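Participant: have a look at this prediction, sequence included:
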Amino acid sequence: MAVLRVLLGLSSATDQDIIDLCLAVLDGEKGLYAHPEIYADPPVTAVIFQADFDAFTKAIGAMAQGGEQATAARDAARNKVVSDLRLLAYYVQSTVQSKNLGQAELLLSGFEAVSTNR
């Protein structure tokens, strides 16, 4: 069986890409937090991740008024969400590998898998 890895690519992601990934992870039916039987102890709780995500989307909304402070606030909120996503992605990857789970279980987390095709 090929080693499964989580696809990230967050450094080049747009704000919308990050929002979409956050929504997938937070999805109440299919996201990471909807499967405690697989992902029992994530390093970022759902409450904290939701709060960080809300701060990010609020900061994006404040960008409409423009200004250096709004840009700095958006960047700080984005960095926090990206940090959360990286922690969660590594957690998902290590959980899938340590429990010898498959791609279906990885995809339940809301993250995408790196292609194993060469």
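Facilitator: Received the coordinates, thanks.
Participant: phi, psi of E29?
Facilitator: Per-residue torsions, E29: phi -100, psi -30 (degrees, to the nearest 10).
Participant: and V6, by the same measure?
Facilitator: Main-chain torsions, V6, degrees, to the nearest 10: phi -90, psi 130.
Participant: R74 too?
Facilitator: The phi/psi pair for R74 (degrees, to the nearest 10) is phi -60, psi -50.
Participant: what about the spatially closest residue to it that is not a sequence neighbour, how many neighbours?
Facilitator: The spatial neighbour of R74 that comes closest, neighbours along the chain excluded (Cβ to Cβ, 6 or more residues apart in numbering), is A59 at 4.1 Å. Glycine gets a C-beta too; all of them are placed from N, C-alpha and C. Residues lying near A59 (other Cβ atoms under 10 Å) number 21.
Participant: which helices and strands does the helix or strand that contains F53 pack with?
Facilitator: Assessed by DSSP states H and E, F53 sits inside helix 46-62. When contacts are defined as 3 or more Cβ pairs under 8 Å, 6 or more residues apart in numbering; DSSP states H and E, helix 46-62 packs onto helix 15-26, helix 68-98.
Participant: Y39: which of these is closest?
Facilitator: helix 68-98 (6.1 Å; Cβ to Cβ).
Participant: tell me what that closest one is packed against?
Facilitator: Under the contact criterion of 3+ Cβ pairs under 8 Å, 6+ apart, helix 68-98 touches strand 6-7, helix 15-26, helix 46-62, helix 103-107.
Participant: still on that earlier bit, identify the residues contacting the helix holding F53?
Facilitator: For helix 46-62, the external contacting residues (Cβ atoms under 8 Å, 6 or more residues apart in numbering) are 15, 18-19, 22, 25-26, 33, 44, 70, 73-74, 76-78, 80-81, 84, 88.
Participant: rerun at 6 Å
Facilitator: If you take Cβ atoms under 6 Å, 6 or more residues apart in numbering as the criterion, helix 46-62 is touched by 15, 22, 33, 70, 73-74, 77-78, 80-81, 84.
Participant: kindly report the same for stretch 78-96.
Facilitator: 4-6, 8, 10, 42-44, 49, 52-53, 56, 105-106, 109, 111.
Participant: one step back: dump the helices and strands packed on helix 46-62 into TSV; add distance to I38 as well.
Facilitator: Formatted as TSV, the helices and strands packed on helix 46-62 follow (distance: least, Cβ to Cβ, whole Å):
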stretch	distance to I38
helix 15-26	13
helix 68-98	7
